[in-house]
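Asks: Quick one: sequence and predicted model below, then my questions.
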Amino acid sequence: MLPWNGKNIYFIGFMASGKSSVGKSFAQFLGWPFYDTDELVERKAGKSISHIFAQEGEAAFRELESAVIIELSELKNSVVALGGGAVMRDENWRYLKRSGVTINLSAPVEILAERIGRNSARPLMAQLSREERVRRIEEMLNERQRYYDRADFHFESSDRPVPEFIDHIFETLLEKL
């Protein structure tokens with residue numbers, strides 16, 4: 001039996017740090033279901049995150065996000081990728097810590113800027129030049145890093161092949177839990 005059996009595995013970190021792709025692969029590796037809070041918020045709202053931000057604002061998005069986290073915290077043996085700002089609410093941390101193990105994924109600012117530049121659907125980065133994106137990422141990381149530091153485990157997701165990275169995460173969890 002795995003030492004984290006009965007708990008959820010939560011991937012946290014900045015946007016484009018690899019939470020969804022690594023989380024989905026990790027869930028497949030474990031044979032557990034995978035959930036992405038951004039997808040669940042969109043389903044709950046019936047509209048895209050960009051539309052929620054534009055029509056209702058970030059506060060409304062964060063409320064929906066918290067409601068999704070509360071629902072997911074009732075599950076067991078699930079892998080969850082959280083939105084980059086979800087960890088900025090202390091109430092969310094109470095649910096995360098009570099119900100699972102948190103894994104922070106990070107990547108160098110330049111890699112984040114390049115990955116984010118490939119996706120125009122990110123409301124906090126839309127229409128920014130590369131230089132503006134780098135500055136905005138640095139500002140947001142300065143604001144959020146203390147929350148990411150609360151995670152149980154920390155991994156850099158830069159450009160390691162996903163299967164190798166999944167093995168590394170799994171072995172680390174087995175060793176430390």
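Replies: That came through, no problem. Numbers count the residues shown, from 1 in each chain.
Asks: Mind giving me the packing neighbours of the biggest helix by length in the chain?
Replies: Longest helix of the chain, by residue count under DSSP state H: helix 130-148. When contacts are defined as 3 or more CB pairs under 8 Å, 6 or more residues apart in numbering; DSSP states H and E, helix 130-148 sits against helix 109-117. From N, CA and C alone the C-beta is placed, and that goes for glycine too.
Asks: List the buried residues for the longest helix of the chain?
Replies: Using 16 or more other CB atoms under 10 Å as the test for burial, helix 130-148 gives 133, 134, 137, 140, 144, 147, 148.
Asks: what does the following helix or strand past that helix rub up against?
Replies: Downstream of helix 130-148, the first helix or strand assigned by DSSP states H and E is strand 153-156. Contacts to strand 153-156, defined as CB atoms under 8 Å, 6 or more residues apart in numbering, come from residues 101-108, 148, 165, 168-169, 172-173, 176.
Asks: relative orientation of the longest helix of the chain and helix 109-117 in degrees?
Replies: Angle, helix 130-148 to helix 109-117, by axes from the mean of the first three to the mean of the last three CA atoms, to 10 degrees: 110 degrees.
Asks: Show me the contact partners of helix 130-148.
Replies: 12-14, 84-85, 87-88, 93, 104, 106, 109-110, 112-113, 116-117, 124-125, 128, 154.
Asks: got it, and stretch 92-105?
Replies: Contacts of stretch 92-105 (CB under 8 Å, 6+ apart): 4, 7-13, 17-19, 22, 65-66, 69-70, 72-76, 80, 82, 86-87, 147-157, 169, 173, 177.
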